[in-house]
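Asker: no FASTA, just this:
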């Protein structure tokens, strides 16, 4: 007899001993199963509420925060790299960008996890890429491109934060 058959036989003996040694009767098991069923119904009601909360958070926090962070950082990059900026303007834009970044973080991330700061930074990264694309067009059409066509690249700023969140959650799971 090989080791596979020995292992299968040992497992069969183990489960037989456990089943015979258990003092549960059929009524207790049925009652126990019914309570588990009622718990899953309660959990599904709670998860339904959690799903609505996620939708509301994404609709009223993430979406406007991502839009405002994307647009403001794109135009801040343009002002900074074209040397048309003033220190007071940049200083006054920073609290607003922090507010919009925190809206994004509240919308899909977790404040207790510092690794979720990658979510708002991913939006700023996408706006830097949009600015770099516009800078390839030259000075005459850069502002035209940013004003009229950056909105078409905004869906990237909606997709990339979810990818960043998933990547951070998978890479740094505890």
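Answerer: Everything's here; your move. Bear in mind that the values here come from a model prediction, so they are computed numbers and not experimental data. Residues are numbered from 1 along each chain as shown.

Asker: low-confidence ranges in this protein?
Answerer: Scanning the chain for pLDDT under 70 picks out 1-5, 8, 11, 14-46, 174.

Asker: can you list the residue ranges for helices in the protein?
Answerer: Ranges of helices within the chain are 3-21, 26-57, 63-81, 87-108, 118-135, 139-148, 154-171, based on DSSP state H.

Asker: mind putting those helices into a markdown table with mean neighbour count?
Answerer: Glycine gets a C-beta too; all of them are placed from N, C-alpha and C. Output for these, formatted as a markdown table (neighbours: other C-beta atoms under 10 Å):
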| stretch | mean neighbour count |
| --- | --- |
| helix 3-21 | 9 |
| helix 26-57 | 10 |
| helix 63-81 | 19 |
| helix 87-108 | 15 |
| helix 118-135 | 20 |
| helix 139-148 | 13 |
| helix 154-171 | 16 |
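
Asker: so what's the nearest residue to residue 101 once chain neighbours are set aside up against?
Answerer: The shortest distance from residue 101 to any non-neighbouring residue, by C-beta to C-beta, 6 or more residues apart in numbering, is to residue 120 (3.7 Å). Counting by C-beta atoms under 8 Å, 6 or more residues apart in numbering, residue 120 touches 69, 100-102, 104-105, 161.

Asker: with respect to residue 137, which of the residues you listed is nearest?
Answerer: Set against residue 137, the nearest of the contacts of residue 120 by C-beta to C-beta is residue 69 (23.2 Å).
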